[in-house]
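Q: I'd like to go over a predicted model; first the sequence, then the structure.
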Amino acid sequence: MRSIMGPVSDTYRADLAMLQPRIPDDLYAQLVKLAEDIQDARARGASDSAELDRRIAVYLSVREDALAQATDPTLGG
């Protein structure tokens with residue numbers, strides 16, 4: 001299982017901690033990477049950019065899919 005390596009905001013860290021025991025390891029690892037990418041974009045000053053909005057949208061989409069799979073395992077690949 002992937003652990004959080006880079007800087008991640010407290011909001012994402014708390015979200016990931018809640019999700020970790022509920023979702024498959026591969027989706028958890030993907031969410032960790034996306035959260036790190038969001039933090040990197042913010043650190044580069046992309047806070048008002050479409051890039052940051054896109055990264056957050058991808059995180060939320062993957063999160064929604066992961067939770068759907070957690071509640072209905074037949075949805076997984």
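A: It's in. Predicted model, so just to flag it, every value in this text is computed and none were measured.

Q: make it CA atoms for all contacts and neighbour counts henceforth
A: Fine.

Q: Can you list the buried residues in stretch 53-61?
A: Within stretch 53-61, the residues that count as buried by 16 or more other CA atoms under 10 Å are 55-56, 59.

Q: Now do that stretch: distance to the chain's middle.
A: 8 Å (CA atoms, centre = their mean, to the nearest Å).

Q: what comes into contact with that stretch?
A: 31, 34-35, 37-38 (CA atoms under 8 Å, 6 or more residues apart in numbering).

Q: try 6 Å
A: Stretch 53-61 is contacted from outside by Leu34, using CA atoms under 6 Å, 6 or more residues apart in numbering.

Q: re the thing from before, give me the subset of the buried residues of stretch 53-61 lying in helices.
A: 55-56, 59 (DSSP state H).

Q: Which one of the residues you listed is nearest to Ser9?
A: Closest approach between those and Ser9, by CA to CA: Ile56, at 12.7 Å.

Q: tell me the pLDDT at that closest one?
A: Confidence at Ile56, expressed as pLDDT, is 93.

Q: quick one: it from Ala68, how far?
A: Using CA to CA, to the nearest Å, Ile56 is found at 18 Å from Ala68.

Q: what bits of the protein have low per-residue confidence?
A: For the chain, the stretches flagged by pLDDT under 70 are 1-6, 46-48, 73, 75-77.

Q: Check the gap between the spatially most central residue of the chain and Pro21 for me.
A: By CA atoms, centre = their mean, the chain has its centre lying nearest to Leu31, at 2.7 Å. Separation of Leu31 from Pro21 (CA to CA): 13 Å.

Q: Run the chain-centre distance for whichever strand or helix holds Leu67.
A: Using DSSP states H and E, Leu67 sits within helix 50-71. In terms of CA atoms, centre = their mean, the centre of helix 50-71 is found 7 Å from the chain centre.
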